[in-house]
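Novice: No letters, just coordinates:
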């Protein structure tokens, strides 16, 4: 079993890279908005109820996948490096998969703000993430999160052995997926 955690700020290309990686491997994609947008029909993700439900759905999916005979899973995540609870969550999910014999791979994406603002309006993003379809609101949240959180790691901060950081400002998703596949022999 392989568990590939793809993380980075909003609109950096996590889901799109995950889609391409799933196409060229036997990995299944579980992007973070699959649960956020499901629960969003009832509760905003920012509410206590919304976060609880999102976490419950994710945990149950992780439990079942980690016990399965699947080749593996890609999960996308927005990791706020200045929030201990995000570090704890990453460690929790990693330990769950590792405890069942999986190898965990960590892929961090970073891109310039201008590129992310363009990607925020892409047809693929809007098709798969209904909560992003009000562009002005989505763009405002993207910019505000940059002021509130640190969404890319500092040099040397991540010490996992299976870690790869890619600046994908000038790379397309297919190129990034191939880099990941080759680096980790997926």
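Specialist: Perfect, I can see it now. The structure displayed is predicted, hence computed values, not measured ones.
Novice: Can you read off the pLDDT for residue 12?
Specialist: Turning to residue 12, the model gives it a pLDDT of 97.
Novice: and the closest residue to it other than its chain neighbours, which of the three is it?
Specialist: Closest residue to residue 12 apart from its sequence neighbours, by CB to CB, 6 or more residues apart in numbering: residue 109 at 4.5 Å. Placement of C-beta: from N, CA and C, glycine included. Here residue 109 is strand, with the state taken from DSSP: H, G, I helix; E, B strand; the rest coil.
Novice: again, but for residue 96
Specialist: helix.
Novice: gap between it and residue 149?
Specialist: Residue 96 sits 24 Å away from residue 149, going by CB to CB, to the nearest Å.
Novice: Please apply the same query to residue 3.
Specialist: From residue 3 to residue 149 the distance is 24 Å (CB to CB).
Novice: and if you look at residue 156?
Specialist: 19 Å.
Novice: ok, now residue 54?
Specialist: Distance, residue 54 to residue 149, by CB to CB: 18 Å.
Novice: what does residue 9 give?
Specialist: 9 Å.
Novice: higher neighbour count, residue 96 and residue 149?
Specialist: Each of residue 96 and residue 149 has its neighbours counted (other CB atoms under 10 Å); residue 96 has more, 18 against 15.
Novice: For that one, give me its contacts.
Specialist: 62, 63, 66 (CB atoms under 8 Å, 6 or more residues apart in numbering).
Novice: can you check residue 66 too?
Specialist: 1, 3, 96, 97, 99, 100, 102.
Novice: Out of these, name the ones that lie in helices.
Specialist: When DSSP state H is applied, the contacts of residue 66 are split such that 96, 97 fall in helices.
Novice: Filter the contacts of residue 66 down to the buried ones, PyMOL style.
Specialist: Command for PyMOL that selects the buried part of the contacts of residue 66, burial taken from 16 or more other CB atoms under 10 Å:
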select buried, resi 1+3+96+97+102
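Novice: Any chance of JSON lines for the contacts of residue 66, columns pLDDT?
Specialist: Formatted as JSON lines, the contacts of residue 66 follow (pLDDT from 0 to 100):
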{"residue": "1", "pLDDT": "97"}
{"residue": "3", "pLDDT": "98"}
{"residue": "96", "pLDDT": "98"}
{"residue": "97", "pLDDT": "98"}
{"residue": "99", "pLDDT": "98"}
{"residue": "100", "pLDDT": "97"}
{"residue": "102", "pLDDT": "98"}
